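In: I'll drop the sequence and a predicted model, then ask my questions.
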Amino acid sequence: MSAFLVFVFVAQSLSSCTAPFRQKSRAPEGGCIYGGEVVIGITQEPGLFDPHNAVAAGDDEILFNIFEGLVKCTPSGELEPALATGYTISEDAMTYTFTIRSGVVFHNGEMLTPEDVVYSIARAAGLDTDTPLISELSGIRAVEVIGDSEVRILLDAPDAELLPFLTVAIIPRSVADINDTPIGTGPFKFSSYRVCESVVLLRNNEYWQTGIPYLDKVTFKITADMNTAFMQLRSGSIDIFPYLEPEKADQLRSDFQIISGESNLIHVFALNNRESPFNIPKVREAMNYAVDRTELIRLLMNGEGTPIFSGMSPAMGAYYNESLDGYFSYDLEKAKALLAEAGFPEGFEATVTVPSNYQHHVNAATVIADQLSRAGITLKIESVDWATWLSRVYTDRDFQSTVIALTSEFTPRDVLNRYVSDARNNFIGYENPEYDRVFQMIGNEPDENIRIEQYRQLQELLAEDSASVFFEDPRNIVAVSNALSGYEVYPIYVQDMSLVHYN
Amino acid sequence: MCTVFVVSLITFAAFYVIPGDPARVILGPDASEGQLDALRAEMGLDRPLTTQYFDWISGAMRADLGRSLTFRQPVSRLIAQKLPVTLSIAAMSLFLTVIVSFPLGIAASGRPGKFLDQFLSVLGHVLFAFPPFVLALLMTLFLGLTLKLFVAGEYISYTESIPGFIASLFYPSVAVAIPKIAISQKFVRASVIAEKEKDYVRTAKSHGLSDIQVMRRHIVPNSLVPIITVLSILASEILGGILVVEMVFNIPGISRLLITSINTRDFPLTEGIVLYLAVMTVVVYFIADILHSLIDPRIRLR
């Protein structure tokens, strides 16, 4: 989530310490039809329905409609009030106090109480087990109920950037197995899940926001792959399909509205900084000059992507360092010269390991291999299945290079955390003491403007060191049936069905 | 029983060799160590795979196939949910194979070497050469998308509507059946021709029976023995054909489940499905033996 506006907001509120949320009315405008069913196509099997454990993108997509947190993300990437009506942050940024909304009913009919909020946050932060389920919440020391309707969160250390993580789902204390019986407060309630077939959600008639949702029933239909989904779109058995390939979108234009938005993904030709020859900075730099981003985006996405040069997407707004735009230009001669300086005048041979279930990454690797061959580099494509990729490349870091999209993150800290030397997800093995030092400083920095500068500096370091070849933020292209309105593209991986309605 | 055990052992060996951590696949790259550890402990993934296998096999002996790692449901419940789908396709394709290939084979045997026989022979060769998934793709393209005879990728669950369910499985069954019809038709033809040349046929005819009576009462029953053997082999091949066809037609049957389970390294689920498929194959051969003995009293089960 590009929660930049919120951070500015938080920073301002630090001095005043009280920040009532701005309540935006989402009541229906005239002409909306209530009722009806919508089928939305997904290609990933939802693994889990426990919102504190489900972190795979495919799960979030669905769960966003069932569960809600104290705050909630909007399509523009801001935070808006959900189960809290307001909050205060103490001067030292170590205590967050939330006022819990009254009159909210869980899908099982129980009233939301501050105790449920405490239970949920304690569970997600692992206060009883010592292993936090959501690591971003590990800084929480204690959660307690204050009075009738307030919840206080106490932190170990100052943290002014915690709010976006309080989108963490609030679940009822009374439900023992939340994965089996997913009960939340969201606009839709879970109805059924048939493995490999569908997840069915029904309208929550007790939803606390009056006027929404419109639809009676939402079916997330699980298809084997993008091609089957495409056939079903054409035949009309799917109404909405996100993350569409651009050339497929073109074939659908007559029957569908094609909506697109920034996906906030970092599509990267990732180089293993600890593996020869990519452990040599000049070689990595040469890669950045040898890859023609414009051509790559044209071939891959029909031009529907934004070229990037460091590890952040422009969707992150103020945190994005736009001065790095065009940091590398396609320059074959320069690439060859750099290779020669690095001791590879004749080029070299390397392997790119790509996850075969993502056609998009396989295609990208093919184009990149072709572009690099012009600089005398032979890039062998090795495609492996997702499970193999996760354990060999991502966990064991046993690879030379790979192509992957780093998913939309909540905050700039999440985006850039993975390049800290000892970060467990620093799979490219990037190491720069200066980077670690600046990153460390941000954690203790109360001033938002200084933090913005520091985040921008981190991106500069990544570009200077050519940590990898960051090449695009592809647009999220969604096909929506002409009969529907209200679909919004989010800069995070969710499908919000609450505003969708028939015309 | 031994066959089934060997199959489960081979599956285990495959899992032992291929890399992949189910907890990571379920939770995705963004999972925290806390989430991974919690899941591994919950699912028993912190134990060595050999231990997991022995636990699984000892459970399987007691008819307990364990719980799926990905879906958090008993493996047997998942299989029970998907098996009717796959078995329906199998039954429908076998049915189609029999009702189409028998008349064709008998017709072709009528006048060997003449036009109809030659035509069917060539057609048979061509259709036999088409793998089911190619047929499935072609059918989806022409019959589904161009002629709009069916909605591509539409699947109606048997829990919703039985006729709808059968209709949505019809084209997949045809795709699986066509190559089988092509081959079975040739066997029927050959078998009928072989019987025709036997002495008893001449005897029957000399007793004044008409050609049709001879065909119905003598030749067809006698030629069934080798055909049943072929059909039982085809029946187990049909299972293989369905594997891919289900993917093309987006039918959520046992093969979608199998492929998903392999992709997610869901060890108990893969083992469970493989076990079922192995048992089914054994059962098919067993049924073929019973049928043999029914048709030919000389063959008795011992």
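Out: Okay, I see it. No experiment lies behind these values; they were computed from the predicted model shown.

In: Please enumerate the helices of the chain.
Out: Looking at chain A here, since you left the chain open. A:4-16, A:57-63, A:114-125, A:226-235, A:246-252, A:281-290, A:293-301, A:332-341, A:359-373, A:386-388, A:412-417, A:433-444, A:448-464 (DSSP state H).

In: that's the wrong chain, I wanted chain B
Out: Under DSSP H, chain B gives helices at B:2-17, B:22-27, B:33-43, B:49-61, B:75-110, B:115-128, B:132-139, B:162-196, B:199-206, B:211-214, B:220-248, B:254-263, B:267-295.

In: wait, which of these is closest to A:Tyr455?
Out: When these are compared by C-beta to C-beta, helix B:33-43 sits nearest A:Tyr455, at 24.9 Å. Any C-beta I mention is one placed from the backbone N, CA and C, and that applies to glycine too.

In: Show residues contacting that closest one.
Out: For helix B:33-43, contacts defined as C-beta atoms under 8 Å, 6 or more residues apart in numbering or on different chains pick out A:53, A:55, A:126, A:129, A:131-135, A:138, A:424, B:22-24, B:26-27, B:45-46, B:67, B:69.

In: Okay, angle between it and helix B:267-295 too, please.
Out: If you take axes from the mean of the first three to the mean of the last three C-alpha atoms, to 10 degrees, helix B:33-43 sits at 30 degrees to helix B:267-295.

In: and the angle from helix B:33-43 to helix B:49-61?
Out: Using the same axes, to 10 degrees: helix B:33-43 against helix B:49-61 is 40 degrees.

In: if you skip the residues just before and after it, what's nearest to the residue of the stretch 301-450 of chain A found nearest chain B?
Out: Nearest residue of the stretch 301-450 of chain A to chain B: A:Ala387, at 3.2 Å (C-beta to the nearest C-beta). Closest residue in space to A:Ala387, ignoring its immediate chain neighbours: B:Gly20 at 3.2 Å, by C-beta to C-beta, 6 or more residues apart in numbering or on different chains.

In: Do a quick rundown of the strands in the stretch 151-300 of chain A.
Out: Shown for the stretch 151-300 of chain A, the strands assigned by DSSP state E, counting those that start in this stretch span residues A:188-194, A:198-203, A:217-222, A:240-241, A:256-262, A:266-271.

In: May I see those strands arranged in TSV, with mean pLDDT as well?
Out: Formatted as TSV, the strands of the stretch 151-300 of chain A follow (pLDDT from 0 to 100):
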stretch	mean pLDDT
strand A:188-194	91
strand A:198-203	92
strand A:217-222	92
strand A:240-241	92
strand A:256-262	88
strand A:266-271	93
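
In: wait, which of those strands is closest to chain B?
Out: So among the strands of the stretch 151-300 of chain A, strand A:188-194 is nearest, using C-beta to the nearest C-beta, at 6.9 Å.

In: Show me what the closest one is packed against.
Out: Packing contacts for strand A:188-194, counted by 3 or more C-beta pairs under 8 Å, 6 or more residues apart in numbering or on different chains; DSSP states H and E, involve strand A:198-203.

In: which residues touch the strand it packs on?
Out: A:46, A:62, A:65-66, A:187-193, A:213, A:215-222, A:497.

In: again with stretch A:459-471
Out: Identification of contacts with stretch A:459-471 by C-beta under 8 Å, 6+ apart yields A:266-271, A:273, A:281, A:284-285, A:287-288, A:291, A:293, A:296-297, A:307-312, A:320-321, A:323-324, A:327-328, A:368, A:416, A:419, A:428, A:430, A:432, A:434-435, A:438.

In: and with 6 Å instead?
Out: Residues outside stretch A:459-471 that contact it (C-beta atoms under 6 Å, 6 or more residues apart in numbering or on different chains) are A:267-271, A:284-285, A:287-288, A:291, A:293, A:296, A:308-312, A:321, A:324, A:327, A:428, A:430, A:432, A:435.

In: ditto for stretch A:365-380
Out: Stretch A:365-380 has contacts (C-beta under 6 Å, 6+ apart) with A:269, A:290-292, A:296, A:299, A:332, A:335-336, A:347, A:349-352, A:354, A:381, A:403.

In: same question, stretch A:393-404
Out: A:269-272, A:275, A:350-354, A:361, A:364-365, A:392, A:427, B:29.
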